[in-house]
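> with the sequence up front, the predicted model follows.
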Amino acid sequence: MGNRQYLPRRNAFVIRIIPLLLILAFTGCASIRLIADYDEQIDTSVTDFQRKIETFLTHLERNAGKDEAKYQNNTKFYDEAKVDLSAIRVRAAAIPKNDITLKLIDLLLENISNLENLHKLGISAEQVSPIRSAINTQCTAILKLEIAKKRGKS
């Protein structure tokens, strides 16, 4: 008789625990994403931006001291650069869990503003190299993050 009471309790336990185990099994298989997925457009846009800034810095370096390197003759570049980075930022902001990429883009925007302010004061050929290095480092950081996201997806 003792066994008869044990079986219904055991069955009730099994009936309650099976759904819980199934839920745990299914949720355990799902990966938790702490960062946004890779975005090819951000990757391509940052690469294009780096090429554009490199072209501009080469222009400044080559023409330092000449009229074509003066700030007032290069305001169009700064306008375009800010628009390009703003578009990249808007795209990055539209992607959930993309805070790190946004911070990196904001730092790049800040350095473009710093470059513009320095250019207004007058920029020498010697100042271009450290500027190039800093901006390339920032572009590289954004690209490395996107590539890491791509690897993490596979």
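All right, it came through fine. Only a predicted model underlies this, so the values are computations on that prediction, with no experimental measurement involved.
> Asn98: what's its closest spatial neighbour, skipping adjacent residues?
Nearest residue to Asn98 in three dimensions, chain neighbours excluded: Ala36, at 3.9 Å (Cβ to Cβ, 6 or more residues apart in numbering). The way it works is simple: take the backbone N, C-alpha and C, and place the C-beta from them, glycine included.
> how about Ala125, what does it touch?
Neighbour list for Ala125: 60-62, 64-65 [criterion: Cβ atoms under 8 Å, 6 or more residues apart in numbering].
> which SS class is Ile53?
Following DSSP: H, G, I helix; E, B strand; the rest coil, the label given to Ile53 is helix.
> for it, give its distance to Asn63.
In this view, Ile53 and Asn63 are 16 Å apart by Cβ to Cβ, to the nearest Å.
> these two: who's more crowded?
The neighbour count for Ile53 versus Asn63, taken as other Cβ atoms under 10 Å, is higher for Ile53 (24 against 15).
> check what pLDDT the closest residue to that one other than its chain neighbours gets.
Residue nearest to Ile53 in three dimensions, not counting chain neighbours: Ile135, with 5.6 Å by Cβ to Cβ, 6+ apart. As predicted, Ile135 sits at a pLDDT of 97.
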